[in-house]
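1. kindly generate the corresponding structure for this input.
(3 chains)
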Amino acid sequence: MSDLQARLLDEILAIRAIDCHSHVPAESPHARTLADLLGYHYYTELAHSAGMPANAVHPHISDADLITEMVSRAGTFDNTVQYGWLMEAARDLFAFRAERLTINNWAELGQMVVEAAKQKDRYRAVLAKANIEKVFLTNRFDEDLSAVDRGVFVPCLRTDDLVFQLADPDLRGRLAAKTGIEITSTDDVRDAVRWLMRYFTQHGAASVAISLPPDFTPAEPDETAAGKALARVLRGKDLSDDESRHLAVFVFDILADACRRFRKPFQLMIGAVRNVYPAGVEGGRDLVSTRGSLIQYADLFRRYPQVDFTISVLSLAWAHELATFAWIFPNVKPSGHWWYLNMPVHIEQELRARLMAVPKVKLIGYYSDMYKVEFALPKFNMYRRVLARILARDFVETGLMSEQQAVETATLLLRDNPKRIFGV
Amino acid sequence: MSDLQARLLDEILAIRAIDCHSHVPAESPHARTLADLLGYHYYTELAHSAGMPANAVHPHISDADLITEMVSRAGTFDNTVQYGWLMEAARDLFAFRAERLTINNWAELGQMVVEAAKQKDRYRAVLAKANIEKVFLTNRFDEDLSAVDRGVFVPCLRTDDLVFQLADPDLRGRLAAKTGIEITSTDDVRDAVRWLMRYFTQHGAASVAISLPPDFTPAEPDETAAGKALARVLRGKDLSDDESRHLAVFVFDILADACRRFRKPFQLMIGAVRNVYPAGVEGGRDLVSTRGSLIQYADLFRRYPQVDFTISVLSLAWAHELATFAWIFPNVKPSGHWWYLNMPVHIEQELRARLMAVPKVKLIGYYSDMYKVEFALPKFNMYRRVLARILARDFVETGLMSEQQAVETATLLLRDNPKRIFGV
Amino acid sequence: MSDLQARLLDEILAIRAIDCHSHVPAESPHARTLADLLGYHYYTELAHSAGMPANAVHPHISDADLITEMVSRAGTFDNTVQYGWLMEAARDLFAFRAERLTINNWAELGQMVVEAAKQKDRYRAVLAKANIEKVFLTNRFDEDLSAVDRGVFVPCLRTDDLVFQLADPDLRGRLAAKTGIEITSTDDVRDAVRWLMRYFTQHGAASVAISLPPDFTPAEPDETAAGKALARVLRGKDLSDDESRHLAVFVFDILADACRRFRKPFQLMIGAVRNVYPAGVEGGRDLVSTRGSLIQYADLFRRYPQVDFTISVLSLAWAHELATFAWIFPNVKPSGHWWYLNMPVHIEQELRARLMAVPKVKLIGYYSDMYKVEFALPKFNMYRRVLARILARDFVETGLMSEQQAVETATLLLRDNPKRIFGV
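-> As a prediction, this is how the structure comes out:
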């Protein structure tokens, strides 16, 4: 590492970041046992990929069994960056000193996790250590937000189920229970969504989020067709693919319109193909496809110029499109590096392209996507290192930026842009 | 930068380059005011992308207003390589010393541009400074070529409108006015195209150029179907998509055949999706798509083995295909790095792949695509730096080339290949 | 090169590798004249791409004519990594000292090749110098395997023709001659495939291999439809595209099932579009397409969890998918870097992604795909150098691995994984 890169990294590590997307459960944000760390789908799916039976980490397995199983398997995937996250968290958050986690030393780390979990507001200490000021949650629409610690957490309305599962009577039941609105018409859907937006906004929510399959194509909805589909659903009928699509496109558009009305960004996470491998471990069944194109969203971007769409894609094949769409459309803001692209080799490619051609005030650098706050530190540090290297090599060394401008740019990506765009 | 890389860069900067694609207007090749530089679509679209209303740079806006608007916005996109081009041009061509362009210092640069513009044949001095020997133009078919300064400029017949807008009576009127041929049949199209080819060839034109959407698929034309479509057009009827396609495929093929007859390369620039964002600034409304494949052109390459197709693609998704097609098809020659791929991160990937697997005598290194000659210097310098780095790291340091062979290869890419392939 | 990288490279060069895919002919594994090296399709297709008429290297051309033709053309493509392979083989295997092969010095190398070819078991010496322990062959189904030198070579059943050319009576004749089974029904196909699997297994075969076009989609076969297609074939009728597809999908599935029964990995090489350029030189007519997706194979991976699919893709567009599928599916093992991706720029991208996110025990590092054993050395050395650089920069320098762990990982990729996965 050059001196320049080291100085930039020091400055970048000192930026108090905003983490605009996570799956941290507000009621249990930090790990209580080592199983909360080793049970992260990255580890269980890698262990399974390398030969562990999926049922060895079945949800009914005890923490103790899961830990010993996973530790005994860790040697098969200790090359991965995900394993690197675990060891960096262990070292920096629990003062664990071994270089590898083994069947002989895990008990020590396990004890440290249990002890640390007892500290009051442990999650706040963990986030402080990671130098993160705020962490966005991804809340179910009927979650009770009153107990969220809004000093560090920011609610966010997750809408996958509203868009894709409105035909499910249980979902409509939950929706009615939460909002008091029985869904009998497309107007009811509109009302229920607005009710939710009011509730979430009142509780400090900063955005709406959804993950989308690569073949989804938003469009001006055909409300008549959507209404017919809904009527069939209410009569207990199954929907054809076409009818399902009409309904999903309608609800999606209602959400985009609600974002416009409530002035909230819409986080679009595009490209997950769900349940490609049903025999996999929980959380390790979805995949990516080169199919599709961001062109499918051009109509949406045109119809909602007032809505900020903060966008992540899952396929490397879409990365160039995302950078160019963000370059042209004012309301397209590239956001972080998602899941199957969340490793240095891909972050590097995406980030270089974005920094070279997208206005710096539009870039949301990174989010953790984590389920427990312990992963904020290694994930953000991974990103901070890549960012320091790129700013050094591609910008300061080439004369495009001074060292100070590089730090200012990093501050925009990690902190100022998400604060401004999400209004936190 | 290593000593080796620095030495290579010195040698590469000394190569007198050929710029085989630009949009420089022959009658006004250099900037007369700062608005000619700041009005480049790269800057207006980036400013708009970062929040500037599109009408702030409406064509009717005065130069003074455009300049102050743009300067006040520049801080939103001063991270980009495009901004870097501006500052490098300002420094090297106008001796502007500030590191950033601000509301406090732009007047000085503005004055310098106005002063410099008064120099006799200013554009020649600018190109000499950029070490460029010839710059290709992209001329409308009915442009008067007699006044072109053929000491530095090389005409080139642009054919987008002939292929895609023959149904437009205005276009056919302009065609008749230029060639004396009223289009009443497919044979008239053929005759008009050959008339244009003769005219352009007589005036020193070195190639035919066209930009194509990603879904265009050349094919052996169905002249009967094209004739029927043309007959409908002449009766004032609208064409179906299918009829439009038959007509476009026919005209495109006529052009390929004319390239064969007149022994001119056909510059294909593939992948622009037009007017995806109609509310954008002028020149900033088109985008890219991962869709499509160079396979669509295989039939064309097979049918015209005598025609050199010099090809640029707009989507990174097509870059690997282009390198492999150039590796296999003798008549496919990769050319430069176009528009949304014209930045170091993508140039690097495309160029490394081409240099590693395509015969060096087939590679056209770079072209500026510029609208004013001032951008030749920073754009070509950007390319020269990437080229020096790649030749140093991937070829000389690995023992694949000696230092002298690296310089010879660079000379082929920047000068000798375009001279030979285009016959200039 | 850093000291670390140099040390890692030394260790990696010392790993005795397994080459799990080649086209070496068992009866003539090493070059007997320089024409055996210069006639490699990489050189003839590059020379043709740069202007040499295809018939200058027609199979009927004498070795002497081919050599002088090719040597006189070599200066057009001496930038390529393929040319680099030739010169490294010439230097390290034949002690040829010149830096370039010219019309003035080729005779010396030609003489060296002829002399060396006379050594007893020359191919064993060549492979020892390359530090390769075993080389897999790709055998026609009716090849006589009894004479294969199983001390260094491992047979492998090539199945392209069985899947895609069963309609050819010559092929069915060869199949009957080999197995004694006349194909009259789908059951006969099943029996013939199993007969071949027994024969190949008895002769030490370690896998089944096939190359597939990008649009092929395996599926649960419709044996009735396949049977009808076969019946048409047997009556001498041509098949529709749909019928051909049913038959191919059926035979492919029979092979996958045979791999399951005989516990052999199935080498899938996905993405070659055949005969795109029929006027090209032999071996230089196929190309690549961005089209298609590995999603097409998800059903296959689900239905055969017991079969190891070792997979290479031909298009860079599929590389990210392959790494993610290998990350999730236990039976998907990425294998090497094939053909149009077999150069440092692409190996680097694929390898970094695989090493960062796929369990190390699943990665098959490299195979030569060579036709003569002389190319094992430069091809594997190219890979070893990329591997050393990536392990140094992305893993050891970043703290993800110790130096020793990096060497252990390299040993898995080059040796231990192919040995375990293929059972050799």
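2. interface residues of the stretch 151-300 of chain A facing chain B?
-> Taking Cβ under 8 Å from any Cβ of the partner chain as the contact definition, the stretch 151-300 of chain A meets chain B at A:290, A:292, A:293, A:294, A:295, A:298. C-betas here are computed from N, CA, C, even on glycine.
3. could you pull out the strands for the stretch 1-150 of chain A?
-> A:17-19, A:132-136 (DSSP state E, counting those that start in this stretch).
4. identify whichever of the ones you listed lies nearest to residue C:328.
-> Among those, the nearest to residue C:328 by Cβ to Cβ is strand A:17-19 (25.4 Å).
5. hang on, residue A:333 is in a strand, isn't it?
-> Yes. Applying DSSP: H, G, I helix; E, B strand; the rest coil, one finds residue A:333 inside a strand.
6. near it, how many other residues are there?
-> Applying other Cβ atoms under 10 Å in any protein chain shown, we find 24 residues neighbouring residue A:333.
7. beta partners for it?
-> The partner list for residue A:333 in beta bridges (DSSP bridges) reads residue A:310.
8. pretty sure it contacts residue A:311?
-> Yes. In this structure residue A:333 lies within contact range of residue A:311 using Cβ atoms under 8 Å: 6.8 Å.
9. re the thing from before, JSON lines please, covering the strands of the stretch 1-150 of chain A and showing mean neighbour count, mean pLDDT and distance to chain C.
-> As requested, the strands of the stretch 1-150 of chain A are exported to JSON lines (neighbours: other Cβ atoms under 10 Å in any protein chain shown; pLDDT from 0 to 100; distance: least, Cβ to the nearest Cβ, whole Å):
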{"stretch": "strand A:17-19", "mean neighbour count": "27", "mean pLDDT": "98", "distance to chain C": "20"}
{"stretch": "strand A:132-136", "mean neighbour count": "23", "mean pLDDT": "98", "distance to chain C": "21"}
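10. so which of these is nearest residue A:194?
-> Of all those, strand A:132-136 comes closest under Cβ to Cβ, at 21.5 Å.
11. partners of the closest one in the sheet?
-> Here, using DSSP bridges, strand A:132-136 pairs with strand A:17-19 (parallel), strand A:153-154 (parallel).
12. that older thread, name the member of the residues of the stretch 151-300 of chain A next to chain B with the most neighbours.
-> Neighbour-wise, those (other Cβ under 10 Å) top out at residue A:294, 27 neighbours.
13. give me phi/psi at the closest residue to that residue other than its chain neighbours?
-> Nearest non-adjacent residue to residue A:294, counting by Cβ to Cβ, 6 or more residues apart in numbering or on different chains: residue A:321, 4.2 Å away. Torsion angles at residue A:321 (phi, psi; degrees, to the nearest 10) stand at phi -60, psi -50.
14. list the contacts of residue A:321.
-> Neighbouring residues of residue A:321 by Cβ atoms under 8 Å, 6 or more residues apart in numbering or on different chains: A:293, A:294, A:295, A:313, B:287, B:288, B:289, B:290, B:315.
15. now pLDDT too, for the residues you listed, in a markdown table please.
-> What follows is the contacts of residue A:321, written out as a markdown table (pLDDT from 0 to 100):
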| residue | pLDDT |
| --- | --- |
| A:293 | 96 |
| A:294 | 97 |
| A:295 | 97 |
| A:313 | 98 |
| B:287 | 97 |
| B:288 | 96 |
| B:289 | 93 |
| B:290 | 91 |
| B:315 | 96 |
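16. between these, which sits nearest chain C?
-> Among the contacts of residue A:321, residue B:290 lies closest to chain C (Cβ to the nearest Cβ), at 7.5 Å.
17. from residue B:216, how far off is that closest one?
-> 15 Å (Cβ to Cβ, to the nearest Å).
18. again with residue A:157
-> From residue A:157 over to residue B:216 the distance is 42 Å, taken as Cβ to Cβ.
19. what does residue A:17 give?
-> According to Cβ to Cβ, residue A:17 and residue B:216 sit 45 Å apart.
20. just residue A:151 next, same as before
-> In this view, residue A:151 and residue B:216 are 56 Å apart by Cβ to Cβ.
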